[in-house]
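S.K.: Would you be able to build a 3D model of this:
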Amino acid sequence: SYILLLVGGILVLLQAIILGLAGAVLSAIPGIGAIFAIVGGALSIWGIIVGIILIWSAKQVNKGGSSAHTWSIIGLIFSILGLITGQGFFIGSLLGIIGAALGLGATKQVKK
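M.R.: Modelled structure (predicted):
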């Protein structure tokens, strides 16, 4: 679960950087460049937030302990939100969902 969450977070961050750069380049287009800059910037900022949270939740799940269950839920929520907004080339968000679900399953077995 740790690896899937981590790879998902890295893919989300990678796409956020690409969107930010694309928004900056396309902002030079006269007339509609501002729209590209605003949309690209907003999606880039959202992707950076989601990516950092996924990577952090992967680290916390890997640590184990009582907070692993909570961080699996947080990773699942942000992976779903990232999937809705198309973050991580979609595959990053899907990997995050799978990794978080595996983390939830593993922490549930440990609690029993």
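
S.K.: can we go C-alpha only for contacts and neighbour counts from here?
M.R.: Noted.

S.K.: thought Gly8 was touching Ile53?
M.R.: No: shown here, Gly8 and Ile53 do not form a contact pair, counting by C-alpha atoms under 8 Å, at 10.7 Å.

S.K.: ok, those two, which is more surrounded?
M.R.: Shown here are Gly8 and Ile53; by other C-alpha atoms under 10 Å, Gly8 has more neighbours (31 against 20).

S.K.: in what helix or strand does the more buried one lie?
M.R.: helix 2-26 (DSSP states H and E).

S.K.: which strands and helices sit next to that helix?
M.R.: helix 33-63, helix 91-111 (3 or more C-alpha pairs under 8 Å, 6 or more residues apart in numbering; DSSP states H and E).

S.K.: for the last one, what is the average pLDDT?
M.R.: When you say that, I think you mean helix 91-111. Here helix 91-111 scores 88 as its mean pLDDT.

S.K.: again, but for stretch 25-38
M.R.: 90.

S.K.: Work out the gap between it and the centre of the chain.
M.R.: Relative to its parent chain, stretch 25-38 has a centroid offset of 26 Å by C-alpha atoms, centre = their mean, to the nearest Å.

S.K.: Repeat that for stretch 83-96.
M.R.: With C-alpha atoms, centre = their mean, you get 7 Å for stretch 83-96.

S.K.: now the end-to-end length of that stretch.
M.R.: Counting by C-alpha to C-alpha, to the nearest Å, you get 9 Å between the two ends of stretch 83-96.

S.K.: same thing with stretch 59-74?
M.R.: Criterion C-alpha to C-alpha; first-to-last residue distance in stretch 59-74 is 12 Å.

S.K.: What lies in contact with it?
M.R.: Outside stretch 59-74, the residues that touch it by C-alpha atoms under 8 Å, 6 or more residues apart in numbering are Ser1, Tyr2, Leu6, Ser57, Ala58, Ala100, Ala101, Gly103, Leu104, Thr107, Lys108.
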